[in-house]
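[1] what's the 3D shape of this:
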Amino acid sequence: MGHTELGLRERRTIEDMLNAKMSVDKIAAEIGRHRSTVFREIKRNRYIDDELPKLNGYYGVTAQRSAGDRRARRRKLVRFIELRDAVIKQLKAGWSPEQIASRLKFDGQA
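    Predicted coordinates:
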């Protein structure tokens, strides 16, 4: 089975079921995902406001927007062609991904 990201419908279901005080196991069974996926989703996308604690919680639409923002940020090698070319060159030279990442951080490019 391939990797698929949670969609808005699943996130809205998580929100509704959390508001209904249902367990994560029941939520996971309802949307057909592993319980750890649901736990991770809630942890990663819960909203916390110290000034207005009554607004704290999980909001499906906000979670979807946050996931989209994270997805857009993580494509560094697509956005920066010179960086991609340098990484490919180092991989072909036998460098490990860890060595490349460390070198990029050292050079201030990561």
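
[2] which parts of whichever helix in the chain runs longest are buried?
    In the chain, taking DSSP state H as the definition, the longest helix is helix 60-73. Within helix 60-73, the residues scored as buried using 16 or more other CB atoms under 10 Å are 60, 63, 64, 67. All C-beta spots, glycine's among them, are computed from the backbone N, C-alpha and C.

[3] residue ranges with poor pLDDT in the protein?
    1-3, 110 (pLDDT under 70).

[4] related to what we said a few turns ago, helices or strands next to the longest helix of the chain in the packing?
    Where contact means 3 or more CB pairs under 8 Å, 6 or more residues apart in numbering; DSSP states H and E, helix 60-73 is packed against helix 8-19, helix 35-45.

[5] winner for burial among those?
    helix 8-19 (a mean of 17; mean count of other CB atoms under 10 Å).

[6] quick revisit: just name the closest of the buried residues of helix 60-73 to residue 106, please.
    Nearest to residue 106 among those, counting by CB to CB, is residue 67 at 31.0 Å.

[7] so that closest one touches residue 45, yeah?
    Yes: taking CB atoms under 8 Å as the definition, residue 67 is a contact partner of residue 45 at 7.2 Å.

[8] sorry, back to before: can you give me the offset of the helix or strand just after the longest helix of the chain from its chain's centre?
    As assigned by DSSP states H and E, the chain's next helix or strand after helix 60-73 is helix 76-79. How far helix 76-79 lies from its chain's middle: 17 Å, per CA atoms, centre = their mean, to the nearest Å.

[9] So which elements touch helix 76-79?
    Helix 76-79 packs on helix 81-92, going by 3+ CB pairs under 8 Å, 6+ apart.

[10] Just the buried positions in stretch 101-110, please.
    residue 104.

[11] who touches that stretch?
    83, 86, 87, 90, 95 (CB atoms under 8 Å, 6 or more residues apart in numbering).

[12] and if we set it to 6 Å?
    Residues outside stretch 101-110 that contact it (CB atoms under 6 Å, 6 or more residues apart in numbering): none are found.
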